[in-house]
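J.: let me see the structure of the following:
(2 chains)
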Amino acid sequence: MIKIDNVIHTYKKHSDEEVQALCGISLDIQEGEFLVIIGHNGSGKSTLAKHLNTLLIPSEGQVLIDGLDSTDPDMVWNIRSRVGMVFQNPDNQLIATTVEDDVAFGCENLGIESGEIRARVDDALATVGMAGFGNKEPHYLSGGQKQRVAIAGVIAMRPKYLVLDEPTAMLDPRGRQEVMETIHRLNKEEGLTIVHITHYMEEASQADRVVVMEDGKIVAQGCPREIFSQVKLLKSLRMDVPPMTELASILNEAGLEVDKTLLTVEEMVDALC
Amino acid sequence: MFRDITIGQYLPGESFIHRLDPRTKILSVLFFMVGIFGLKHLYSYLFVLALTLTVILVARIPLGYLLKGLKPIFIILIFTVGLHLFLTPGQILVEIGPLSITLEGIMKASFMALRLIFLVLFASLLTLTTAPMSLTDGLEKLLAPFAKVGLPAHELAMMMSIALRFIPTLIDETDKIMKAQKARGADFESGNIWQRAKSMIPILVPLFVSAFRRADELAMAMEARCYRGSEGRTRMKQLVYRKTDLIVTLGMGSAMVAAFFFL
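T.: Take a look at the predicted model:
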């Protein structure tokens, strides 16, 4: 379990003025959970993500990963091998000139023996549906494929938690779908805990829990239906609401009682007829 | 416009040369380079030619592809040949105004030309038959003894492999920036050399900015995957130095010695 306890993160801008990126965040991430963090640019969601594997250290407060304190310098590599991280730009996180060498990179850093790395690489590539691409060069792959290779490189290290920092932001709709299917499968079949950061609402709808961030604070959290039904709040945060949920809210205001938490057209049809 | 770049090009294959250990190949090229400067007679180059052709045949590299790699050195070639041709003192054969061609000049010019051509051919045989990753692995292993005296062998090899990985990415980026600048009316084709060089600035500035941002993100991604230098790091693909590698290395080594003393 990852325990984030009242974390404050401040950093200095060039002008020496202090900026508070996180203002007292507390959040528990359960094992096996599919957690989505949504929020606008500058809401602090990426800063929060980087606290989960010690890329950033809290200025105040505490992050505990399976009980390991992220401020302890001796625990850095232990924590990073538990919490894998995938970044936004697929081009800037592939290190090697071939796919398999890239997937092997993390395992090599962990000092795993070579035969075992080979087995893990093949396994990881198969899991993300990229078997047979081992000898390809990364720049011949599509964005979605590159991002899946990046995921393979992380899961080959066998982490318990997978943190994805806007992995779909630079992809076309097809690439986005590929990546989303992959991480949902990892969550269901491999039992991997997923922390998915995004600003796409529709990616949040299948999560176990959604956390909404704004200005370095958590402004709402709950299951997707609860979150989406707070149409006014989401609108005030300039976020999209699924069209049917918004319609339900308008109908309610106009005096027609329908379920405020419905998400799809089918559910709306059922509710009305 | 950058499609012709062949630096670090690799032609995958299964030939004897492809399967040699990268260390063998790097050492061989090194021996070849030293040896070729020990040659004293023009006919000695027949041996060099025979050796190069054998390697090309065994590695099954298309000759045309290899010769295309000579294109970039064409200007350097003409330049050195010209300098040696006209500036070597000795027995004068032809005089054109203030310039004179001497017998010694012709000899020296052909030596230089042959040396350059064979150097480039042999060196490109190395990159054509060796995957970039194993090339940098080999380099790291070869430099490892010098790590004791403070040479950052692992870091150098890592830098090289990252450079190779990002060449295509940065070329794409340059293409994109050029198109974007052209769409805003930038002109890269007309004007004298000075003007053209100046028109490159609006390409270089965004290219550098983005390269630095990439470097930053890449470093973070590497750290997130537990990278901490060579410390405690293993490799998936282990280099194996076989008997044939030893034979080839020794063969090339003795060929170099022979070139210095007998050819």
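
J.: drop to CA atoms for contacts and neighbour counts, all remaining ones
T.: Will do.

J.: where does the prediction get shaky in chain A?
T.: Along chain A, no part satisfies pLDDT under 70.

J.: what residues does it have near chain B?
T.: Neighbours of chain B within chain A, by CA under 8 Å from any CA of the partner chain: A:53, A:55, A:77, A:80-81, A:84-87, A:91-97, A:101, A:104-106, A:108-115, A:117-118, A:139, A:154.

J.: at 7 Å what do you get?
T.: A:77, A:80-81, A:85, A:92-93, A:95-97, A:104, A:106, A:108-114, A:117-118, A:139 (CA under 7 Å from any CA of the partner chain).

J.: out of those, which end up buried?
T.: Buried members of the residues of chain A next to chain B, counted by 16 or more other CA atoms under 10 Å in any protein chain shown: A:77, A:80-81, A:85, A:92-93, A:95-97, A:104, A:106, A:108-112, A:114, A:117-118, A:139.

J.: which of those fall in helices?
T.: Among those, DSSP state H puts A:Trp77, A:Arg80, A:Ser81, A:Ala104, A:Gly106, A:Glu108, A:Asn109, A:Leu110, A:Ser114, A:Ile117, A:Arg118 in helices.

J.: was I right about the third one contacting A:Pro159?
T.: Yes. Using CA atoms under 7 Å, A:Ser81 is in contact with A:Pro159, at 5.9 Å.

J.: so which residues of chain A form strands?
T.: Under the criterion DSSP state E, chain A contains strands at A:2-12, A:18-29, A:34-39, A:60-65, A:68-69, A:83-86, A:161-165, A:193-198, A:209-214, A:217-222.

J.: with chain B instead?
T.: B:92-96, B:99-102.

J.: A:Gly32: what's it in contact with?
T.: With contact taken as CA atoms under 7 Å, 6 or more residues apart in numbering or on different chains, A:Gly32 is in contact with A:Asn187, A:Gly191, A:Leu192, A:Thr193.

J.: could you report the neighbour count for A:Thr43?
T.: Heads up, residue A:43 is Ser, not Thr. 19 (other CA atoms under 10 Å in any protein chain shown).

J.: can I assume it is in contact with A:Glu214?
T.: Yes. Counting by CA under 7 Å, A:Ser43 touches A:Glu214, with 4.4 Å between them.

J.: just checking, A:Glu60 touches A:Val7?
T.: Yes. Counting by CA under 7 Å, A:Glu60 does reach A:Val7; the two are 5.6 Å apart.

J.: ok, these two, which is more surrounded?
T.: Shown here are A:Glu60 and A:Val7; by other CA under 10 Å, A:Val7 has more neighbours (20 against 15).

J.: count of neighbours near B:Pro98?
T.: 6.

J.: contacting residues for it?
T.: With contact set as CA under 7 Å, 6+ apart, B:Pro98 has no partners.

J.: chain A versus that one, what's the distance?
T.: Using CA to the nearest CA, to the nearest Å, B:Pro98 is found at 54 Å from chain A.

J.: check B:Thr169 too.
T.: Taking CA to the nearest CA, one finds B:Thr169 at 7 Å from chain A.

J.: tell me where the stretch 151-263 of chain B has helices.
T.: All helices of the stretch 151-263 of chain B, identified by DSSP state H, counting those that start in this stretch, fall at B:153-183, B:193-199, B:201-224, B:243-261.

J.: list the buried residues for the first one?
T.: This points to helix B:153-183. B:153-154, B:157-158, B:160-162, B:164-166, B:168, B:170-171, B:173-174, B:177-178, B:181.

J.: what does the last one give?
T.: Using 16+ other CA under 10 Å as the burial criterion, the residues of helix B:243-261 that qualify are B:Asp245, B:Val248, B:Thr249, B:Leu250, B:Met252, B:Gly253, B:Ala255, B:Met256, B:Val257, B:Ala259, B:Phe260.

J.: next one: the second one
T.: Counting neighbours by 16+ other CA under 10 Å, one finds that the buried residues in helix B:193-199 are B:Ser199.

J.: contact partners of it?
T.: With CA under 7 Å, 6+ apart as the test, helix B:193-199 has contacts from B:Phe188, B:Ser190.

J.: just the CA trace of it, in PDB.
T.: The C-alpha trace of helix B:193-199 is given here as PDB (Å, rounded to 0.1, in the frame of the first residue of the first chain):
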ATOM      1  CA  ILE B 193      26.700  30.900 -47.900                       C
ATOM      2  CA  TRP B 194      26.700  33.500 -45.100                       C
ATOM      3  CA  GLN B 195      23.000  34.200 -45.600                       C
ATOM      4  CA  ARG B 196      22.200  30.500 -45.700                       C
ATOM      5  CA  ALA B 197      24.200  29.800 -42.600                       C
ATOM      6  CA  LYS B 198      22.300  32.600 -40.900                       C
ATOM      7  CA  SER B 199      18.900  31.200 -42.000                       C
END
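
J.: of the strands of chain B, which stretch is the most buried?
T.: The highest mean neighbour count among the strands of chain B, using mean count of other CA atoms under 10 Å in any protein chain shown, belongs to strand B:99-102: a mean of 18.

J.: and it, how far from the chain's centre?
T.: Chain-centre distance of strand B:99-102: 33 Å, with CA atoms, centre = their mean, to the nearest Å.

J.: average pLDDT across it?
T.: Strand B:99-102 shows a mean pLDDT of 80.

J.: quick one: residues in contact with it.
T.: Taking CA under 7 Å, 6+ apart as the rule, strand B:99-102 contacts B:Leu85, B:Phe86, B:Thr88, B:Pro89, B:Gly90, B:Gln91, B:Ile92, B:Leu93, B:Val94, B:Glu95.

J.: same check, this time on stretch A:125-139
T.: Applying CA under 7 Å, 6+ apart, the external contacts of stretch A:125-139 come out as A:Thr97, A:Thr98, A:Val99, A:Glu100, A:Asp122, A:Lys146, A:Arg148, A:Ala152, A:Thr182, B:Thr169.

J.: list the buried ones in that stretch?
T.: A:Leu125, A:Thr127, A:Val128, A:Gly129, A:Met130, A:Phe133, A:Gly134, A:Glu137, A:Pro138, A:His139.

J.: next one: stretch B:227-247
T.: Within stretch B:227-247, the residues scored as buried using 16+ other CA under 10 Å are B:Tyr227, B:Arg233, B:Thr234, B:Arg235, B:Met236, B:Lys237, B:Asp245.

J.: B:Thr127: which of those is nearest?
T.: For the buried residues of stretch B:227-247, the residue nearest B:Thr127 by CA to CA is B:Asp245; the value is 17.3 Å.

J.: next, count neighbours for the closest residue to the closest one other than its chain neighbours.
T.: Leaving aside its chain neighbours, B:Asp245 sits nearest to B:Thr24 (5.8 Å; criterion: CA to CA, 6 or more residues apart in numbering or on different chains). Neighbour count for B:Thr24, taken as other CA under 10 Å: 23.

J.: appreciated, that's everything.
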